[in-house]
Each structure stands twice: as structure tokens, then as C-alpha cells.
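Novice: requesting a structural model of the entry that follows:
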Amino acid sequence: MEKKVAIIGAGLSGLIACKYVLETGFQPVVFEADEGLGGQWRHTIESTKIQNPKQDFQFVDFPWDSSVKEDNPNNQQVQAYFNAYAQRFGIVPCIRFNSKVIDIDYVGESNEDIKSWELWNGDGTPFGSKGTWHITLQDTKTFSTEVYKAEFVILCIGKYSGLPNFPEFPHGKGPEIFKGKAMHSMDYAALDNKTAAELIKNKRVTVVGSGKSALDVATEIADKNGVNYPCTMIQRTVHWFLLDFKIWGFSLAYLYFNRFAELLVHKPGENLLLSLVATLLSPFVRSSNRIKSYFFL
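Specialist: Just a heads-up that it's a prediction; the model follows:
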């Protein structure tokens, strides 16, 4: 009996999941609500680039094309890279575009049995249970619905899933009393260049947040409006911004962006060995912080 595997989302993680499911011999189906693959990279502003060197942002079995000379490719180059990856490994035929998942239900097993499981279908294997996943799909163009049944589901919907995280404000202290315009970065990214330029022209703009999207939006607005109408960023917590600084060809960022970095700090509930390692490495932490302060401040 053919085992059906459903993958939800055709972004970065969805493409990788589909490739490895294909390699196991199954025939997966990827459901993507958008018209193309790429996930959030299809909804970024024009000036968005990857924040890491391209060597640190690539598939292990599919390097960047030699025509990409930039160290930090832009969103168009990233999308082209994803599409080339999908073409290379036969992923595109598996994707059903304009198919939005609006409901998932597990049918065929009692709630009592499911709650008793610790792994998958009760014995640690991904297949073999009596139940199946019922996935309700909506065509984003015709709004018709259908139900797809699968034995296994992989969620690759990303951290934000296309939903803007707009904070809640007390009554009388929110955007409704603001005389200007308040919008989320996702809504700004959805604007075309002309509309975005007209929206911010000759206006003082404040960007709340200091994440990747905040920095991208603030940079673009500052470039378009210049010094006469400055862009202000407001952040809740001060962050370190690590530059691509190297000593003898070794990037300092690697000291903080890997598993080794977790050994440098004490953690709640750590055992004696981890506590001893963090204590022994504390001089290294202090010296590296001095180096950062010297070069970055």
C-alpha cells in the first residue's frame, strides 16, 4: 500500500523535507498557499539580503551558482536559488500551489489511544496506525475546498506563517488615535516600489523592533528619505550586532553561532560537568567580549 506523505509549506524547510522524503522512496505532496515556492522570501522588500555570508546560507548538496558574486545575495537571487534547487531534485512536480490548508484532523483512532502514545503511532514507527490525517484544502483562486488524506504530515509553515504579529494596545492608546499611519512590516513588504515610495515620502518614520525585518525596512526608508526626514528605530532590548570581522581568516561570529557557544555560559539545571566547563571557559568569554567592545563600539 502506498504511503502518502503531506508536506505543508514550500519554503526553505518544505523544500528540504520534500527532497529527503523523495529519497526514501515515497511520493510526497507539498501544499503551498502561494503561487510560487520560497516562503517568506517571496514577501520581502526589494532591498532585503541574507544577513550571513552565502557560504553559511546554502544547501549542503547544492552550492550557489558561480554567477552569484555577492557575499550577501538579495531576495531575487535567493528565490532563484530556491527554484534551481527545486528543479534540480525534482521537487516542483510534487508541489500544489494555491492550496491553502485550513484544517487538519486525525481520524480513525480514539483520543484515549492517541494520548497514550509517546512516539508516532504508539510503537515509534511513522506508519501502521489505523488513523489517517484529513487535510482540508482551499483553492486560493476559486475558494473551492477538498479533503486530502495522508498517513504522515510534515509541517513546514515557518515561524510566522504569513500572520503579522501586531501588538495589542490598551483602549485609547493604540493606532486608532495615532494621527499618522501604522502598519506591519509584512504589509509594507507587500507594497510595490512606487506605492511604498509615495507612502513614506517626506515623512518621519519610526520602526519598532530590531530584528531582521526591522533593519531592512529602516535601511530602505532611510535611503529613500535621506537626512531631512530621518528614520528612527525603537528597540526593547539592546542587541550585539556582530560584524564579519576575521582574525587570521577566522570569523569571530563562529564563536557565537554554533553548539560550542552553548558551553560558554552557565544554564539553569546544568550538571556538574557543564558547570565546570563554563567556569573553565569564563576567561575566554571575558577576553572575547573585550575584543568585541574594542572593534564594534
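
Novice: so G36 makes contact with F97?
Specialist: Yes - taking CB atoms under 8 Å as the definition, G36 is a contact partner of F97 at 6.7 Å. C-betas here are computed from N, CA, C, even on glycine.

Novice: intersection of neighbour lists for these two?
Specialist: Jointly contacting G36 and F97 under the rule CB atoms under 8 Å, 6 or more residues apart in numbering are A10.

Novice: output the below-cut-off pLDDT ranges for the stretch 1-150 of the chain.
Specialist: 1-2 (pLDDT under 70).

Novice: same question for the stretch 151-297 of the chain.
Specialist: 160-162, 239-258, 285, 287-297.

Novice: and the strands in it?
Specialist: Secondary structure of the stretch 151-297 of the chain (DSSP state E, counting those that start in this stretch): strands located at 152-155, 205-208, 231-234, 246-247, 250-251.

Novice: how about the ones you listed in TSV, adding mean neighbour count and distance to K49?
Specialist: Shown next, in TSV, are the strands of the stretch 151-297 of the chain (neighbours: other CB atoms under 10 Å; distance: least, CB to CB, whole Å):
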stretch	mean neighbour count	distance to K49
strand 152-155	17	28
strand 205-208	17	17
strand 231-234	14	18
strand 246-247	10	20
strand 250-251	12	18
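
Novice: now for those, which one comes closest to D56?
Specialist: Judged by CB to CB, the one of those that comes nearest to D56 is strand 250-251, at 9.2 Å.

Novice: circling back to that earlier point, and of the strands of the stretch 151-297 of the chain, who's closest to T44?
Specialist: Of all those, strand 205-208 comes closest under CB to CB, at 15.2 Å.

Novice: each with direction, which strands does the closest one pair with?
Specialist: Strand 205-208 sits in its sheet next to strand 231-234 (parallel), going by DSSP bridges.

Novice: residues contacting the strand it pairs with, please?
Specialist: Against strand 231-234 from outside (CB under 8 Å, 6+ apart): 204-210, 214-215, 218, 221-222, 225.

Novice: and what of stretch 192-200?
Specialist: 45-46, 181, 188, 191, 221, 224-225.

Novice: in it, which residues are buried?
Specialist: Buried residues in stretch 192-200, counting neighbours by 16 or more other CB atoms under 10 Å, are found at 196, 200.

Novice: kindly report the same for stretch 109-125.
Specialist: For stretch 109-125, by 16+ other CB under 10 Å, it's N121.

Novice: go on, stretch 176-192?
Specialist: Within stretch 176-192, the residues that count as buried by 16+ other CB under 10 Å are 185-186, 188-189.

Novice: same check, this time on stretch 278-287
Specialist: Those would be A278, for stretch 278-287 by 16+ other CB under 10 Å.

Novice: can I get it as PDB, trimmed to CA atoms?
Specialist: In PDB, the C-alpha atoms belonging to stretch 278-287 read as follows (Å, rounded to 0.1, in the frame of the first residue of the first chain):
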ATOM      1  CA  ALA A 278      31.500  27.000  31.700                       C
ATOM      2  CA  THR A 279      33.700  28.100  34.600                       C
ATOM      3  CA  LEU A 280      36.900  27.000  32.900                       C
ATOM      4  CA  LEU A 281      36.000  28.800  29.700                       C
ATOM      5  CA  SER A 282      34.900  32.100  31.500                       C
ATOM      6  CA  PRO A 283      38.300  33.800  30.900                       C
ATOM      7  CA  PHE A 284      37.900  33.100  27.200                       C
ATOM      8  CA  VAL A 285      34.400  34.700  27.300                       C
ATOM      9  CA  ARG A 286      35.700  37.900  29.000                       C
ATOM     10  CA  SER A 287      38.600  38.200  26.600                       C
END
